[in-house]
Every structure is written in structure tokens, then in C-alpha cells.
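Enquirer: No letters, just coordinates:
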């Protein structure tokens, strides 16, 4: 994947926050010390990825990961109900302090944008009802932060997420995207300047 | 609005179901005799129209009407949470047996489609979680059924809704659109052939 051991070490140290200075914390109101759990969501009608990462210890750790699967035989409305219901359950169980959603900055056509929007709306509403601040990050920025290559394939992201979070097995690709969002968000939040995330 | 007294009478009789025959009921599994309350939703990020119509008596009656207003100062995510929360409340309070949502069949651009989709997703998820069947109808078909003119303006729809439902005052335009959806759906459900509604 073209990432050197040194780059990997740097990324790891950024993710664990060991280089975090008082100055960078003060400059970034987004990621206060109280933020210990990030919920990442990669919304999609048939396979929404969810991942909760804890930053309580020295290493970021996976608290929860899942893909909400909605079979093709299900009506679209049933999928939306399922997404809202499962997201709410994860929020209630794992109490994340912040949520980051994969941004959609293009779509093939209006119909796709509408369907994607519906899945996003169902997921976001469930988080917003719990008064959790929600951000979005572009998939390209997430891949760039995690793999070092903005056009990385799903498998490359999953492999890097497995490595960074010391997971025993390769995560499901959609859940891996959600975990990657959480990692990239934490990484971003520790940078003093610039920002790829946007408050929704 | 170009509707004759005779047309109005016909529409009224269709809406109250006085012409409903056993045959048309059998041919249409959508609107069984048990359906007495229809929830209409016209979703939009800043002003979602909601209307519950009861068909328990001889005349259709308004059980509930409201517009969920989300000020421009609110974050998009807060609006989505509010939509889901208010829709859920109306469903729990008024227990509709069926829901009809205004279909979106065009949008100015992908961004608009995405935003519209998010509002729809938040509203639909709240209804779907309550296991209520959801349909959609194109705005043009609704206007055609209610006003007799597919490109009717919002005010004309509101005026006709006021007349058909014997409301003392003119309903808010967004709530009126939601009530119009309910009326048009009931009208459609009593037709033996053809259908403008689509199960979502």
C-alpha cells in the first residue's frame, strides 16, 4: 500500500495522541479531552457500516463494529427503519461523544443521490436525536489519512484499519470504512491547522 | 380553480367512499376497511408538512395538521433529528394505519436531491419503525386529484383542502400539501383500475 514503517509509526503516534500538545488541543474545539469515543458511520441503504472507537487507553481500540445488512428483498422503507433502529441502539449502548459520517460529494445521478440521502437521513436523525455533534469527512480525505492514497480500494482500507486497530481478523469492508472514518477524524482533530471535516 | 360544483360533489363522494363497492375493495389490497387514518407527509429540511386524516365518519376529517419548522440557524443534523422526533410523536399519538409521502421525481441538482433525500429518510424511518406501510405519490398526481390541475399552485391546493375538509381557516401550505396527499391517496385507493401510488 506504499506506506513506510516510519509513516505507519507517525500515523500511530498521531492516532494515539502522544504528540498532542496543549496548544493543538486549545486550537481545536472539536476534539476536547472528554471525547473518548467516536462513532463512524458509512451510510448506505443495503449495507451501512458502523464503528465505535475508544481513545481511552494509549492505543485506539474498537468498541463496536458492524454492518447493517438489508437484503435486496426488503422494501426501501424497511431498510430505513432498520438503519435508524440499529444506529440508535449502538448510540445508546456505547455512548459516543462525537459522530463522523462519510460525506457524499458526488453521485451517479439524482436517483442515487436521493437513495443515498435517505440512508444518511435515517442514520443521522438517530444520532442527532441523542444530541451528539455530527461531522462529515470526504471518503478521499479518509483514505488519504489512513492509507496514504486518496483513491485506495476498500480492501486496502480494511487491511490498514485491521493493522492500526490491532484486529485479529480483517473487518467487513463497510464496517472498516466506518472505523477508518473514526481514526481519520481523530487524526484530523489533533492537527493544529487545516481541516477536512465539516460540522453537519 | 376551474372545478365545477358537480366535479366537487363527485370528488367529495369518492373521498367519503360512498361509491365504494365490494368489488373495488377486493381489487385493492391497499385500502382495506380497517384503514381509517392516513398520515400524509411532505418532507423538507426546513418545513415538513404533516397531516392525519380520519375516514371514520361519513366525511373525511382532519385529526392533526402541522408544519415542522426548522429555522435556517439550525444545523442540518438538528433539523433531521427534529423531523424524526416529531413524526414519531404524531405516529404514536394518532396511530395511522397507512402513510403516504410526497414523491420526489426531480431535483435541481445532486445537492438538492441529497438534502431532500435526508429529510425524507429521517421522516420515513420514524414511520417505518412503527411498521406502518408507506406509499409515495407524485405531487402532480396529488394536485390533479385534488384541484383538477397537475400544475396547481400551493395556495390553490390549500384552498381546496380547506373546502374538502371543511376547515375553518386556510391550512399552512406545507400542512395542506400533506393533507392533500392523504385525500388523494384515499381517492386513488377507491379506484378499481390504475394507480398513481407506489409502495415504498
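Expert: Perfect, thanks for sending it. From a predicted model like this one, the values you see are computed outputs, not experimental measurements. Residues are numbered from 1 along each chain as shown, chains lettered A, B, ... in the order given.
Enquirer: what's around residue A:154, how many residues?
Expert: 13 (other C-beta atoms under 10 Å in any protein chain shown). For every residue, glycine as well, the C-beta is placed using N, CA and C.
Enquirer: Quick check: closest non-adjacent residue to it.
Expert: Spatial nearest neighbour of residue A:154, excluding adjacent residues (C-beta to C-beta, 6 or more residues apart in numbering or on different chains): residue A:173 at 4.4 Å.
Enquirer: Give the helix, strand or coil label for the residue located most distally from the centre of chain A.
Expert: Outermost residue of chain A with respect to the C-alpha centroid, by C-alpha atoms, centre = their mean, is residue A:73; its distance is 27.6 Å. Recorded secondary structure, residue A:73: coil (DSSP: H, G, I helix; E, B strand; the rest coil).
Enquirer: any idea how far residue A:46 is from it?
Expert: Counting by C-beta to C-beta, to the nearest Å, the separation of residue A:73 from residue A:46 is 11 Å.
Enquirer: Also residue A:110?
Expert: Taken as C-beta to C-beta, the span from residue A:110 to residue A:46 is 19 Å.
Enquirer: now swap in residue A:100 and tell me
Expert: Distance, residue A:100 to residue A:46, by C-beta to C-beta: 21 Å.
Enquirer: Between those two, which is the more surrounded one?
Expert: The neighbour comparison of residue A:100 against residue A:46 (other C-beta under 10 Å) goes to residue A:100, with 30 against 17.
Enquirer: element containing the more buried one, please.
Expert: Assigned by DSSP states H and E, residue A:100 belongs to strand A:98-102.
Enquirer: That strand packs against which elements?
Expert: Strand A:98-102 makes packing contacts with strand A:37-42, helix A:110-128, strand A:134-137, helix A:173-189 when contacts are defined by 3 or more C-beta pairs under 8 Å, 6 or more residues apart in numbering or on different chains; DSSP states H and E.
Enquirer: Can you check what angle separates the first one from helix A:173-189?
Expert: Our comparison of strand A:37-42 with helix A:173-189, counting by axes from the mean of the first three to the mean of the last three C-alpha atoms, to 10 degrees, yields an angle of 130 degrees.
Enquirer: cool, the longest one as well?
Expert: Using the same axes, to 10 degrees, the direction of helix A:110-128 lies 60 degrees away from that of helix A:173-189.
Enquirer: show me where pLDDT drops low in chain A?
Expert: By pLDDT under 70, the weakly predicted segments of chain A are A:1-35, A:105, A:191-195.
Enquirer: Nearest to chain B within it, name that residue for me.
Expert: Closest residue of chain A to chain B, C-beta to the nearest C-beta: residue A:117 (2.0 Å).
Enquirer: ok, residue A:127 - contacts?
Expert: The neighbours of residue A:127, taking C-beta atoms under 8 Å, 6 or more residues apart in numbering or on different chains as the test, are A:39, A:41, A:87, A:91, A:99, A:134, B:77, B:81.
Enquirer: Between the residues you listed, which sits nearest residue A:149?
Expert: Distances from residue A:149 to the contacts of residue A:127, taken as C-beta to C-beta, are shortest for residue A:41 (22.7 Å).
Enquirer: From residue A:180, how far off is that closest one?
Expert: When distance is defined by C-beta to C-beta, residue A:41 is 12 Å away from residue A:180.
Enquirer: what about those two, which has more around it?
Expert: Shown here are residue A:41 and residue A:180; by other C-beta under 10 Å, residue A:180 has more neighbours (32 against 29).
Enquirer: If you drop the residues flanking it in sequence, what lies closest to the more buried one?
Expert: Take residue A:180 and drop its neighbours on the chain: the residue closest to it by C-beta to C-beta, 6+ apart is residue A:146, 4.8 Å away.
Enquirer: swap in residue A:79?
Expert: Nearest residue to residue A:79 in three dimensions, chain neighbours excluded: residue A:70, at 3.7 Å (C-beta to C-beta, 6+ apart).
Enquirer: repeat for residue A:47
Expert: If you skip the residues right next to it in sequence, residue A:47 has residue A:174 as its closest partner in space, 4.8 Å away by C-beta to C-beta, 6+ apart.
Enquirer: was I right about the one you found contacting residue A:51?
Expert: No - judged on C-beta atoms under 8 Å, residue A:174 makes no contact with residue A:51 at a distance of 9.3 Å.
Enquirer: neighbour-wise, which of those two wins?
Expert: More neighbours surround residue A:51 than the other of residue A:174 and residue A:51, with 31 against 24 (other C-beta under 10 Å).
Enquirer: can you confirm the more buried one is in a strand?
Expert: Yes - under three-state DSSP, residue A:51 sits within a strand.
Enquirer: Just to check, it is in contact with residue A:40?
Expert: Yes - if you go by C-beta under 8 Å, residue A:51 and residue A:40 touch, sitting 4.5 Å apart.
Enquirer: what does chain A have sitting close to chain B?
Expert: Within chain A, the positions adjacent to chain B are A:75-78, A:80-81, A:83-85, A:104, A:106-107, A:110, A:113-129, A:131, A:134, A:199-200 by C-beta under 8 Å from any C-beta of the partner chain.
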